[in-house]
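J.: Curious how this folds, go ahead:
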Amino acid sequence: MKKILIIAGIFISFLLIYFLQINFFSWYNIAGIQPNLFIILALFIGLFIGKFYGLIIGIIMGFLLDMFMVNMIGTNMLILGLTGFLGGIYDKNFSKEKLITFILMVAGTTILCEVIVYIMQLFFFKIELTIFKFIYVVFIETIYNVILTIILNPLIQKVGNSTEENFRKEQTFSKYL
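T.: Modelled structure (predicted):
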């Protein structure tokens, strides 16, 4: 029952982030560039719930974003699914409790996601973007995501630890074998 409530909470968080992305950050952007809070949410899911849930929920969130925003169909599915899966891999290899590690995870994942989107735009849509503009956009978006991660870190850690406790309860003993 608690897992269903947590999944419902993730869906509500998705809707809240969608509202923030569409409304609030369209007004409060840096040089016309918005943060990508969906990357932080998908990374959170992978880190605290696991790579399987991160992959599945990331794909579902990406599908919904593709349907709402109608960019390139499948782009958000790929990006958020990959981000959720990477979160699970990061969980096995790094400490998510340290702020600097979490910041590096967010920054690295943001850069990776933007590089994938850039490559997809080049190949599928033949959109020519200059490398300097691309680096500028990635830099600003990464800084924006990092700043929001620093602000939201206490909440992320508190909710994340509670979520992890409920999702990984039955796996605790087998984790050490």
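
J.: ok, how many other residues are close to Leu37?
T.: By other C-beta atoms under 10 Å, 21 other residues sit near Leu37. Where you see a C-beta, it was placed from the backbone N, CA and C, and this is true even at glycine.

J.: what does Leu112 give?
T.: 16.

J.: cool, and the one 5 residues further on?
T.: Summarising burial for Val117: neighbours were counted as other C-beta under 10 Å, giving 19.

J.: do you know how far it is from Gly9?
T.: 28 Å (C-beta to C-beta, to the nearest Å).

J.: Now do the helices in this structure.
T.: Ranges of helices in the chain, per DSSP state H, are 2-19, 25-27, 37-48, 51-69, 75-93, 99-124, 131-167, 172-175.

J.: Export the ones you listed to TSV and append columns for mean pLDDT.
T.: Shown next, in TSV, are the helices of the chain (pLDDT from 0 to 100):
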stretch	mean pLDDT
helix 2-19	90
helix 25-27	83
helix 37-48	92
helix 51-69	90
helix 75-93	91
helix 99-124	89
helix 131-167	90
helix 172-175	48
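
J.: most tightly surrounded among those helices?
T.: helix 37-48 (a mean of 26; mean count of other C-beta atoms under 10 Å).

J.: check contacts around the residue positioned nearest the centre of the chain.
T.: For the chain, the residue nearest the mean C-alpha position is Ile39 (1.9 Å; C-alpha atoms, centre = their mean). Applying C-beta atoms under 8 Å, 6 or more residues apart in numbering, one finds that Ile39 lies in contact with Ile79, Leu80, Thr83, Val106, Thr109, Thr110, Cys113, Asn145.

J.: ok, it to Tyr144 distance?
T.: 11 Å.

J.: How about Glu114?
T.: Going from Glu114 to Tyr144 by C-beta to C-beta gives 12 Å.

J.: cool, Phe102 as well?
T.: From Phe102 to Tyr144 the distance is 16 Å (C-beta to C-beta).

J.: cool, Val115 as well?
T.: 17 Å.
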